[in-house]
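> pasted the sequence and its predicted model underneath.
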Amino acid sequence: MNGYWLPENLNDRGSELAAIITKRMNNDVIDAVEKWVEMPERLIDNPTRPDPATSWGDGFLCVDLGPEDGATWGRFKDVVEGDEDPESVARRAQVWRLPVTPYRKNPVLLAPNEVGDSTDFVEPRTLKIIDLTSMWAGPLCTELLARAGASVIKIEPSSRPDGLRYGDGDDGSGNAPMFVELNRSKEFADIDLRYCSEGGEFHQLVRSADLVVTSLSPRANENLGITCEKLTSINPDIAVLSITAFASHSPESDWVAYGTGVHAASGLGWHRGEPLTPAFSYLDPIAGLEACAVALSQAMRDAPQFCRISLDRSAAAFKGLS
């Protein structure tokens, strides 16, 4: 992997989750799990690698900026120039909504995500799902459900396209290989949730849906009205599955981060006295598989109506954090 790090049992965890999903949908749409877990390696000749750890004061930061974050990061650095504590800088960066996390040596240990123990199966063709996800984890979850026959409507406003659409391998048309593979079986709806009206198109979709899957941050869900209370006021039977960077009730519950940032904060990124950069955001496909298993359990009413999968709890399934 060109000197980049990945957990040695990554594909083992993927295979374990794939077996659960296959049983719960009575359909093997996953086939070789490695193609989902290692998508950047398999679809792109020279995938972009995460940036190395940024040395800061007495430690290191994961500065995992999006394409629109560069100018904000520049201003932020001027403000925190005298702060030598990576934990403090990360907390302050989150106020600016910058995806910055500390590389931790001794993180708080978490329990893995609970995916349940359903023994029955559900027919995905009976399900209608609203997809409010982007990037990798959420789209993987909903794409597997769509390939099994579920009707999945992906909400992607033209004003804010999925961050993978123009990613590695795109020729300018918005058809990056990973984006296409993770969304090929879905319908698309150009709806900007900032401007939804009562009784409008989004509310009509919610009334007839079985499940909403969102990978928006808790703060964004609240601001856009994508809360359990609001959605069930429209459709009392709808289930809601939220995929977040960090677990609820944790100090980082509302932090903005990608998989590499969670890798840093989880402690998996600290080895032999130094920070290690992952080859790619490996926690995303694991969280996506976990979310798919939970979504199927919700459809069977074997899981709570409202569930949350977090990437930091996905990290807990790996050696040293279990």
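That came in fine, so what should we check first? Keep in mind the model is a prediction, meaning the values are calculated, not measured.

> distance check, Pro112 against Ala146.
Pro112 is 26 Å from Ala146, where distance means CB to CB, to the nearest Å. Using the backbone N, CA and C atoms, a C-beta is placed for each residue, glycine as well.

> ok, the two, which is more surrounded?
Each of Pro112 and Ala146 has its neighbours counted (other CB atoms under 10 Å); Ala146 has more, 24 against 16.

> quick check: phi and psi at the closest residue to Ile286 other than its chain neighbours.
Once flanking residues are discounted, Ile286 sits nearest to Ser314: 4.6 Å by CB to CB, 6 or more residues apart in numbering. Taking degrees, to the nearest 10, you get phi -60, psi -40 for the backbone angles of Ser314.

> as a check, name the ranges of all strands in the stretch 101-250 of the chain.
For the stretch 101-250 of the chain, strands defined by DSSP state E, counting those that start in this stretch occupy the ranges 128-132, 151-155, 187-189, 211-214, 239-244.

> that older thread, so the residue nearest to Ile286 makes contact with Leu283?
Yes. If you go by CB atoms under 8 Å, Ser314 and Leu283 touch, sitting 5.0 Å apart.

> what sits in contact with each of the two?
Listed as contacting both Ser314 and Leu283 by CB atoms under 8 Å, 6 or more residues apart in numbering are Val262.

> spit out the contact partners of the nearest residue to Leu205 once chain neighbours are set aside.
Distances taken as CB to CB, 6+ apart place Ile130 nearest to Leu205, at 5.6 Å, with adjacent residues excluded. Contacts of Ile130 were listed using CB under 8 Å, 6+ apart, and they are 153, 155, 205-206, 209, 211-213.

> most neighbours of all those residues, which one?
Val213 (29 neighbours).

> relative to His263, how far out is the closest residue to Pro7 other than its chain neighbours?
Leaving out its chain neighbours, the residue that sits closest to Pro7 by CB to CB, 6+ apart is Phe318, at 4.6 Å. Distance of Phe318 to His263, given as CB to CB: 10 Å.

> thanks a lot, catch you later.
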